[in-house]
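# Provide a 3D model corresponding to the input given below.
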Amino acid sequence: MIFNKLIPELTVIDIVKTKHFYIDILGFTIEYEREADKFIFVSLDGSQFMFEEMHTDGWNVATMEYPFGRGINFSIEVDDIDAIYEKLRHEDYPLYRKMMVNEYEVADNCLEQKEFLVQDPDGYLLRFTKKS
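Now for the predicted structure:
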């Protein structure tokens with residue numbers, strides 16, 4: 001297995017809900033799991049996350065309050081953004097921002113991409129993207 005040089009590890013309230021959201025709805029794959037630690041390592045199209053259920057001797061530096069991850073969004077480029085979007089809509093999962101096409105100036109060029117935003121069960125903001 002290849003590990004990215006940067007892998008966010010996020011604290012969650014309920015690892016079962018997190019697994020359902022990321023695996024069953026979004027289509028991530030469990031690379032490995034430590035059930036006793038309530039920990040999973042997941043990936044999708046080259047993106048990787050670690051999730052661990054909250055406990056008292058964890059890595060948290062302050063009190064965790066919903067929504068977690070305030071002030072950050074994770075941009076996740078995927079191969080089939082439409083399939084993920086439709087799965088969320090089929091599950092009636094609330095979207096933070098509906099699908100749209102945006103343009104961004106990048107080093108004197110214009111980058112166009114489809115994107116939408118959704119909060120996971122713990123309030124982490126995910127921005128799914130597909131370059132045009």
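# mind listing the helices in this protein by residue range?
Listed in chain order, the helices of the chain (DSSP state H) span 15-19, 81-90.
# okay, these, which one's buried deepest?
Most buried of those by mean neighbour count (mean count of other C-beta atoms under 10 Å) is helix 15-19; its value is a mean of 17. Where C-beta positions appear, they are placed from N, C-alpha and C, glycine not excepted.
# Any idea which of the helices of the chain gets closest to Asn102?
helix 81-90 (12.7 Å; C-beta to C-beta).
# Report the distance from the closest one to the chain centre.
Counting by C-alpha atoms, centre = their mean, to the nearest Å, helix 81-90 is centred 14 Å from the centre of its parent chain.
# Which neighbouring elements make contact with that helix?
When contacts are defined as 3 or more C-beta pairs under 8 Å, 6 or more residues apart in numbering; DSSP states H and E, helix 81-90 sits against strand 109-119, strand 125-131.
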